[in-house]
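Student: sequence below, structure please.
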Amino acid sequence: MRRPRTLLICAVFAAVGCDGGTLDVEIPGFEGPAEQAPPDPAGGPQEVAIPPDEIPPAATCGDGVATPGEFCPEPPRALPGRVQAHRVRVVDWDGDRRPDVIAAGGEGVVLVWRTSARRQLLAFAVLAAPTLASDLAFGDFDGDGDLDLASSGLSADGTWIEWQRAAGFSPGPRLEMPAASALAAGDVDGDGRPDLVLADVDGGGVTALSTGADFAATAWATGVRPASVVLRDIDGDGNLDALVANTGEAEPARDTVTVRFGDGRGGFADRVDVVVGNAPVWADAADLDGDGVLDLVAVNYGTPEGGEYLGGDTLSVVRGLGGRGFAPALDWPTGNGPVHLALADVDRDGDIDVVTADRGDYDPLFDISRGGTTVTTLFNDGAGGFAERLTIGLPSRPVAVEIADLDLDDSLELLVACPEERAVYEIEQAP
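Tutor: Numbering: from 1, shown residues only. Next comes the predicted model:
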């Protein structure tokens, strides 16, 4: 029996199913800053406490002294303004050398939080985006020296590019592309300008868009139902490669991550498919064991079968052997229903850790979700193992997580998109 992976991907990018929801923020076009409504004290996002049995056991945690190996999360706090966020990114959007937060919303908007001089995040702009916006990518796509934004969607709206100008924002091209579950930017053709690569969830491949005058598109096949794409130099040849998580179909052996190796001229002719866990939804790469070679990681959601999810709730770690070789995957437990991951050294011990957004199980028969509502930090032991983990509760189901040092204090914060709550939550660390 064919498993309902389409519904699985819809569940990841929408509050329930594939409905876009109701717009909660004013859209002032492209005329600059806009005032945003604060969270509703009665029914909106609230701070939640971390359950006592999930507080880190280290006696020195939160004593005011930052110690390598500590991760001391504060309770989640909602950022001002409400948006049905499906992806959250961090970038210096306004050029002030401070990181800003940008979220793609299901209602067809992008909400921008600017980091002020007092290191506070203030909602200050709303941009248009495809309905059910799935991802964001940034780069100087038009070559004018300003950072521009590209947003992809799971709707029929295609992919949009917004140009950033001195007086505000102006709409760029709206590219008629297939529904894309993910989007990445990087110079894949060696012309010095960022290009775009989209994961075509229905077509079963990635599409590379050159940022030339005509945005020429070239499609490359991957595994079945690609859900994510990132650009990394996997084989160390100096060219960006496309790493794709394929949610697969009926046979678990077809649940893979695909590496499409870039040739530096815009092509991705060579590929390797690596078997991971059941229904991988997101994949990325980093040097996890300190050998100078990138390793692959993927979060596995699992597959609905008889009212239960099979083979999911894991992180697959695939050790890179150098060049284009990979060891068999090893799986580590995560929270319930992981759908996204981010990589960073969150406990400052010199090793790359993994943080997963755990949405919970989605029942396509009754169109409801169960479990989840957590983010899980898996701590790297220095050799690429992740036996130790910490789970943090959230008010609702997350679908994306990002890691950044927002207040420039050398301590990393987590940013979590929760579309059902129409909120982006910040989780700070206490030294």
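Student: which residues in this protein form helices?
Tutor: Taking DSSP state H as the criterion, the chain carries its helices at 5-13.
Student: by mean pLDDT, point me to the weakest helix or strand of it.
Tutor: Using mean pLDDT, DSSP states H and E, helix 5-13 stands out as the lowest-scoring helix or strand of the chain, at a mean of 47.
Student: these two touch, right, Gly81 and Val109?
Tutor: No. With contact defined as Cβ atoms under 8 Å, Gly81 does not count as touching Val109 (10.4 Å). (Glycine included, C-beta is placed from N, CA and C.)
Student: what about the two, which has more around it?
Tutor: Higher neighbour count among Gly81 and Val109: Gly81, with 26 against 23, using other Cβ atoms under 10 Å.
Student: now the more buried one: phi and psi?
Tutor: Taking degrees, to the nearest 10, you get phi 90, psi 150 for the backbone angles of Gly81.
Student: cool, and Phe141?
Tutor: phi -70, psi -30.
Student: tell me the pLDDT of it.
Tutor: With respect to pLDDT, Phe141 scores 88.
Student: likewise Val101?
Tutor: At Val101, pLDDT is 93.
Student: in the sheet, who's paired with it?
Tutor: On the basis of DSSP bridges, Val101 is bridged to Val90, Trp113.
Student: that one - how many residues pack around it?
Tutor: Here the number of neighbours of Val101 (other Cβ under 10 Å) works out to 25.
Student: shouldn't it be in contact with Val424?
Tutor: Yes. Using Cβ under 8 Å, Val101 is in contact with Val424, at 6.8 Å.
Student: what touches both of these two?
Tutor: Common neighbours of Val101 and Val424, counting by Cβ atoms under 8 Å, 6 or more residues apart in numbering, are 79, 88, 113, 415.
Student: which ChimeraX command selects the buried ones in those?
Tutor: The ChimeraX selection below is limited to those of the shared contacts of Val101 and Val424 classed as buried (16 or more other Cβ atoms under 10 Å):
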select :79,88,113,415
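Student: which of the shared contacts of Val101 and Val424 fall in strands?
Tutor: Using DSSP state E, the members of those that fall in strands are 88, 113, 415.
Student: okay, now the unreliable bits of the stretch 101-250 of the chain?
Tutor: 117-119, 123, 156, 165-168, 212-213, 249-250 (pLDDT under 70).
Student: strands of that one, residue ranges please.
Tutor: For the stretch 101-250 of the chain, the strands defined by DSSP state E, counting those that start in this stretch occupy 109-115, 121-128, 133-139, 148-153, 159-165, 168-175, 180-186, 195-200, 205-209, 217-221, 226-232, 241-246.
Student: buried deepest among the ones you listed, which one?
Tutor: strand 241-246 (a mean of 29; mean count of other Cβ atoms under 10 Å).
Student: remind me what it packs against, helices and strands.
Tutor: If you count contacts as 3 or more Cβ pairs under 8 Å, 6 or more residues apart in numbering; DSSP states H and E, strand 241-246 packs onto strand 205-209, strand 226-232, strand 256-261, strand 280-286.
Student: the same query, at a cut-off of 6 Å, please.
Tutor: strand 226-232, strand 256-261, strand 280-286 (3 or more Cβ pairs under 6 Å, 6 or more residues apart in numbering; DSSP states H and E).
Student: could I get these as a markdown table with distance to Phe71?
Tutor: A markdown table is the format used below for the helices and strands packed on strand 241-246 (distance: least, Cβ to Cβ, whole Å):
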| stretch | distance to Phe71 |
| --- | --- |
| strand 226-232 | 24 |
| strand 256-261 | 27 |
| strand 280-286 | 17 |
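Student: distance to Thr374 added to the strands of the stretch 101-250 of the chain, as TSV?
Tutor: Formatted as TSV, those follow (distance: least, Cβ to Cβ, whole Å):
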stretch	distance to Thr374
strand 109-115	23
strand 121-128	23
strand 133-139	22
strand 148-153	27
strand 159-165	31
strand 168-175	35
strand 180-186	22
strand 195-200	25
strand 205-209	30
strand 217-221	35
strand 226-232	20
strand 241-246	20
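Student: so which of these gets nearest Cys72?
Tutor: strand 121-128 (20.3 Å; Cβ to Cβ).
Student: excluding chain neighbours, what is closest to Leu288?
Tutor: Gly384 (4.0 Å; Cβ to Cβ, 6 or more residues apart in numbering).
Student: for Asp381, that is, sorry about that
Tutor: Excluding the flanking residues, the one nearest Asp381 by Cβ to Cβ, 6+ apart is Ala387, at 6.7 Å.
Student: the closest residue to Ile427 other than its chain neighbours bridge partners, please.
Tutor: Counting by Cβ to Cβ, 6+ apart, Leu414 is the residue found nearest to Ile427 once chain neighbours are left out, at 4.1 Å. Listed by DSSP bridges, the beta-bridge partners for Leu414 are Ile403, Ile427.
Student: what does Leu243 give?
Tutor: Val230, Val259.
Student: Ser152 now?
Tutor: Asp135.
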